[in-house]
Structure formats: structure tokens, C-alpha cells
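> quick one, what's the 3D model for this:
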Amino acid sequence: MALLKDKTAVITGASRGIGAEIARKFASEGAKLLISATNGSLLSEVKDEIEKTGVDIEFKIVDVADSSSFSELIKFALETFGAVDILVNNAGINRDKLILAMKDEDWDAVLDVNLKGTFNGIKAVTRPMLKAKGGNIINLTSVVGISGNAGQINYSASKAGIIGLTKSAAKCITCAECG
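Just a heads-up that it's a prediction; the model follows:
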């Protein structure tokens, strides 16, 4: 099957786990891929593996929490492939600790990557998708964003935030005046 033939997908957090599996599946469906993560060696391994299937694939090391870094990722995708049809906001981290042991830097790191990174992706890709009159944004979250979990207060908050962010962004992007 080639459900994604002639489509370009940008996938964050693609160096392992869910992100790497999404990249493999999209490749099997014929998508052109730009995969990203912070671990260049693991990312390179995923790229090399997928490239053997004949799929057009590139990779970039990106800090999704940095808006200019994410914007550069999307710019690279547009220059390389001519479009971004699909963005998969998958990058995520955890710094699990009970509330009294949670340090500010643990809280900030998780919210920056998981929630701010997702926002940065949506913001970076919205204008090109609107210009192209189409596109899909897939934001990965977790049941923990709804139910919470002891020792994951920062992670739970970030995933709940992604749920709200996704709903609000969908309403904004589909309204007459997105700007």
C-alpha cells in the first residue's frame, strides 16, 4: 500500500520508540520523511535503516523547545521536499519525581519539551499548511494527561496541556482569521 505516496511528513522524537515506529510505518506507506530528535547517533541509525527501503528521508537534530530551531526544521523540510503535509509532534521527555522532590528544572524541562515543543511545531507549520490549503498535525499525548499519575505531575500537566492546546489550535486554524 502507498497511502502516503507523494506526502511529506516531519516527525519529532523519531530517534527511538514511538517516533521511530511512526517513521517506519509512514515509510512503508510511501511518505517522504524528515525525522528529528536530539540524539544524532540514534537518529542516524533510524534514517539509515529506513533509507534502505528506498524512501526519501532526511534527518535534523532539533531542540523542539526552541522556536527558532523548530522553524528551521520546517524551513528545511519545505526547501528539501517542497511541502509539509504531515507534522507529528511526538518529542517528549519525563523527569518523574514525587511533588515534594520535584525541582524547578525538572518541571521546566518537561513542560518545555512536551508542551512548548508541541506549540512551537504547530506555530511553525501552520502558515505553510494554510498556504498549501491542507495538511495534518498529529500531537501525541497520554492518558496520564486525563487521569494523572503519582510521581508524574510535570508529565501529566504537559500531556493535559497538549490536549487543550490541540483543541484550541484546531479551532483557531480552522476559523476565518487564524493570525
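> C-alpha only now, for contacts and for neighbours.
OK.
> ok, Leu3 - how many residues close by?
Per other CA atoms under 10 Å, the neighbour tally for Leu3 reads 11.
> and if you look at Ala150?
Neighbour count for Ala150, taken as other CA under 10 Å: 11.
> how close does it get to Lys159?
Applying CA to CA, to the nearest Å, the value for Ala150 to Lys159 is 14 Å.
> output the below-cut-off pLDDT ranges for the protein.
The model of the chain has pLDDT under 70 over residues 1, 176-179.
> how about a cut-off of 80?
Scanning the chain for pLDDT under 80 picks out 1, 175-179.
> now the strands for it?
Assignment of strands within the chain using DSSP state E yields the ranges 8-11, 32-37, 57-61, 86-89, 136-139.
> could you dump those strands to TSV with distance to Glu21 and mean neighbour count?
Output for the strands of the chain, formatted as TSV (distance: least, CA to CA, whole Å; neighbours: other CA atoms under 10 Å):
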stretch	distance to Glu21	mean neighbour count
strand 8-11	10	26
strand 32-37	11	26
strand 57-61	14	21
strand 86-89	12	23
strand 136-139	14	18
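> export those strands to TSV and tack on distance to Arg127?
As requested, the strands of the chain are arranged in TSV below (distance: least, CA to CA, whole Å):
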stretch	distance to Arg127
strand 8-11	15
strand 32-37	18
strand 57-61	21
strand 86-89	13
strand 136-139	12
